[in-house]
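Participant: Sequence unavailable; structure follows:
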């Protein structure tokens, strides 16, 4: 199974959030002083630190897609070669669909708006 870079980022982000919540819940128990009031000192620093960790961690991720190292022209050339065939196998049809998706993605058709 192939996973895209954005899917990988989302999975990692969810795991980090779950771990941070777990750690934060443990800290809440320890943050109460003798009067029973919570100590909120440094509470805002945690969110900034989480964001920095996310950005630093995901910079190590290399390309995860099969077609990411190709230019749009190269992808179109491969697609055209497959489309010229009179009959295509199921694998070739799948490859054409993947190429269409990769071309559209590289052109920015799937960007969030």
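Facilitator: Now that the structure is in, tell me what you want to look at. Source: prediction; values computed, not measured. Numbering: from 1, shown residues only.

Participant: and the next element down the chain from the helix or strand of the chain with the lowest mean pLDDT?
Facilitator: For the chain, counting by mean pLDDT, DSSP states H and E, helix 43-58 ranks last in confidence among helices and strands (a mean of 57). Remark: after helix 43-58, the chain's next helix or strand is helix 72-83, criterion DSSP states H and E.

Participant: Tell me the helices and strands packed up against that following helix.
Facilitator: Here helix 72-83 touches helix 90-107, going by 3 or more Cβ pairs under 8 Å, 6 or more residues apart in numbering; DSSP states H and E. To be clear about C-beta, it is placed using only N, CA and C from the backbone, and glycine gets the same treatment.

Participant: Run through who's touching the helix it packs on.
Facilitator: For helix 90-107, the surrounding residues in contact (Cβ atoms under 8 Å, 6 or more residues apart in numbering) are 65-68, 70-72, 75-76, 78-79, 82-83, 85, 88, 110.

Participant: what do you get if the cut-off is 7 Å, keeping everything else the same?
Facilitator: 66, 67, 72, 75, 76, 78, 79, 82, 83, 110 (Cβ atoms under 7 Å, 6 or more residues apart in numbering).
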